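Novice: A predicted structure for the sequence below; I have some questions about it.
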Amino acid sequence: MRNLAILIFQTLDGVMQAPSIPEEDFSGGFRHGGWAKDCWDDVMEQVSKEAMKEPYDLLLGRNTYNLFVSNFASAEPDNPVADKLNLAKKYVVTSGADDLTWNNSFKLKGSNTAVEVAKIKEIDGPLLQVHGSWQLVQLLLKHNLVDELRLWTFPVVVGEGKRLFENGEISSKYKLIKFATCPSGAFMHFYQSLDRSAV
């Protein structure tokens, strides 16, 4: 069984909504999109070294998938981040009937997403990474499918928006396995789920 890691950018008050682009996600009346911009280059350099260096597959919600397609599917050659994303298998949770155009993209089949994700974890392969995908992350946490939290926390408070632990009903224990800072003030924490390690 392979592990599943969620990779999250969040504010000091735990908001993960629309970090990179102001118009990324206005749902719920959110007005603070792009809050990560002051630390973005530092963090992305660290993400490339710490989370994107080894082989991985992706599990994405449809909105995050669409965002990635627009940024990476037609990227210039010799872009190492785009090259790895293009090569990775991409499992997409979507209710849409339209086809997924990005290469190596697969719709999750079946009506029970948690069951389908558990099946994917049983397939031999590299680490399964989830980027963003707030609604999907809530489901994965609820069903105890997350083996590792990879968090980048930015020195900003926005006061509202979608939070990583949105509903506060999850009881879990984690072990810190990696920590680093960025010159711009963001910091990285990798946590291993002690609940999952016993499964």
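Specialist: In hand now; what should we look at?

Novice: for the closest residue to residue 185 other than its chain neighbours, which residues are in contact?
Specialist: Excluding the flanking residues, the one nearest residue 185 by Cβ to Cβ, 6 or more residues apart in numbering is residue 155, at 4.2 Å. C-beta here means a position set from N, CA and C on the backbone, and glycine is covered the same way. Going by Cβ atoms under 8 Å, 6 or more residues apart in numbering, residue 155 touches 12, 39, 185-186.

Novice: quick one, grab the pLDDT at residue 155.
Specialist: For residue 155, the pLDDT comes out at 97.

Novice: ok so, going back, show me how to select, in ChimeraX, the buried members of the contacts of residue 155.
Specialist: Of the contacts of residue 155, the buried ones go into a single ChimeraX selection, burial set by 16 or more other Cβ atoms under 10 Å:
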select :39,186
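
Novice: looking at the chain, which helix is longest?
Specialist: Looking across the chain with DSSP state H, the single longest helix is helix 40-50.

Novice: tell me the helices and strands packed up against that helix.
Specialist: helix 80-87, strand 148-154, strand 174-181, strand 187-193 (3 or more Cβ pairs under 8 Å, 6 or more residues apart in numbering; DSSP states H and E).

Novice: spatially central residue in the protein, please.
Specialist: Nearest to the mean C-alpha position of the chain, counting by Cα atoms, centre = their mean, stands residue 131 at 1.6 Å.

Novice: for it, phi and psi?
Specialist: Here the main-chain torsion angles of residue 131 (degrees, to the nearest 10) amount to phi -110, psi 130.

Novice: circling back: now the angle from the longest helix of the chain to strand 187-193?
Specialist: 40 degrees (axes from the mean of the first three to the mean of the last three Cα atoms, to 10 degrees).

Novice: please renumber the chain so that the first residue is 889 from this point on.
Specialist: From this message on, residue numbering opens at 889, which makes the last subject helix 928-938.

Novice: could I get the buried residue list for helix 928-938?
Specialist: Buried-residue list, helix 928-938, by 16+ other Cβ under 10 Å: 928, 930-932, 934-935, 938.

Novice: likewise for stretch 961-979?
Specialist: Buried residues in stretch 961-979, counted by 16+ other Cβ under 10 Å: 970, 972-974, 976-979.

Novice: pull that stretch out as PDB, backbone CA atoms only.
Specialist: The C-alpha trace of stretch 961-979 is given here as PDB (Å, rounded to 0.1, in the frame of the first residue of the first chain):
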ATOM      1  CA  ALA A 961      -0.300  21.400 -19.300                       C
ATOM      2  CA  SER A 962       1.100  23.800 -22.000                       C
ATOM      3  CA  ALA A 963       4.200  24.900 -20.200                       C
ATOM      4  CA  GLU A 964       7.400  25.500 -22.100                       C
ATOM      5  CA  PRO A 965       9.800  22.500 -22.400                       C
ATOM      6  CA  ASP A 966      12.500  22.200 -19.800                       C
ATOM      7  CA  ASN A 967      10.300  23.400 -17.000                       C
ATOM      8  CA  PRO A 968      11.100  20.700 -14.400                       C
ATOM      9  CA  VAL A 969       8.000  21.200 -12.300                       C
ATOM     10  CA  ALA A 970       5.700  21.100 -15.300                       C
ATOM     11  CA  ASP A 971       7.500  18.100 -16.700                       C
ATOM     12  CA  LYS A 972       6.900  16.100 -13.500                       C
ATOM     13  CA  LEU A 973       3.300  17.100 -13.300                       C
ATOM     14  CA  ASN A 974       2.700  16.200 -16.900                       C
ATOM     15  CA  LEU A 975       4.300  12.800 -16.400                       C
ATOM     16  CA  ALA A 976       2.400  12.000 -13.200                       C
ATOM     17  CA  LYS A 977      -0.800  10.000 -13.200                       C
ATOM     18  CA  LYS A 978      -3.600  12.300 -12.200                       C
ATOM     19  CA  TYR A 979      -6.700  10.900 -10.500                       C
END
